[in-house]
Structures are given as structure tokens and as C-alpha cells.
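return atomic coordinates for the entry below.
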Amino acid sequence: MAVTMNTDITYLKGVGPKRAELLNKELNIFMVKDLLQHYPFRYIDRSQIYSIAQINSSQTHVQLRGR
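Numbering: from 1, shown residues only. As a prediction, this is how the structure comes out:
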């Protein structure tokens, strides 16, 4: 099956009926074009890992690695 902009998201690889239902209800995403036009409210970069000594009060979100 060829995927077009009007393809239902249920037919995308990795999206089944349950996830499609969640996307429909929470984000109003029904078709591939809706998914491509969806922009998240905010983006948090989780690629940086800090040590506790590097954290300062101006950082709102940090990712730590612990043992």
C-alpha cells in the first residue's frame, strides 16, 4: 500500500489502532498530512548529560546520569 497525504495514520508502520485512537483523541491527528503539520508545544533537548557540579539555577530542565 502506498502512503499518501490522505492515508489514515492507522496504516503507518508502528501505529496501530490503539495508538491511532490516542493520536485522534489527544492531538486531532487523523491522516498523514495532520501528522506532518503537527508542531509540538515545546521542545526539551535531552541530548546533553550534566554532572551535578555543572547544574546552575538558570537551567529549567537537565538530564543526569547516576549510579
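
for the residue nearest the centre of the chain, what are phi and psi?
Taking Cα atoms, centre = their mean, the centroid of the chain lies closest to P40, which sits 7.4 Å from it. With angles defined as degrees, to the nearest 10, P40 sits at phi -60, psi 150.

try L22
With angles defined as degrees, to the nearest 10, L22 sits at phi -60, psi -40.

gap between it and V3?
L22 sits 20 Å away from V3, going by Cβ to Cβ, to the nearest Å. Backbone N, C-alpha and C define where each C-beta goes, glycine included.

can you tell me the SS state at the residue of the chain most remote from its centre?
What lies farthest from the middle of the chain is A53; by Cα atoms, centre = their mean that is 29.9 Å. What DSSP: H, G, I helix; E, B strand; the rest coil gives for A53 is helix.

before we move on, the earlier item: so who does the residue nearest to the centre of the chain touch?
Applying Cβ atoms under 8 Å, 6 or more residues apart in numbering to P40 gives no contacts.

how far away is the nearest residue to M5 once chain neighbours are set aside from K18?
Among residues not flanking M5 along the chain, K33 sits closest, at 4.1 Å (Cβ to Cβ, 6 or more residues apart in numbering). Look at K33 and K18: by Cβ to Cβ, they are 22 Å apart.

N28 now?
In terms of Cβ to Cβ, N28 sits 17 Å off from K18.

all set now, cheers.
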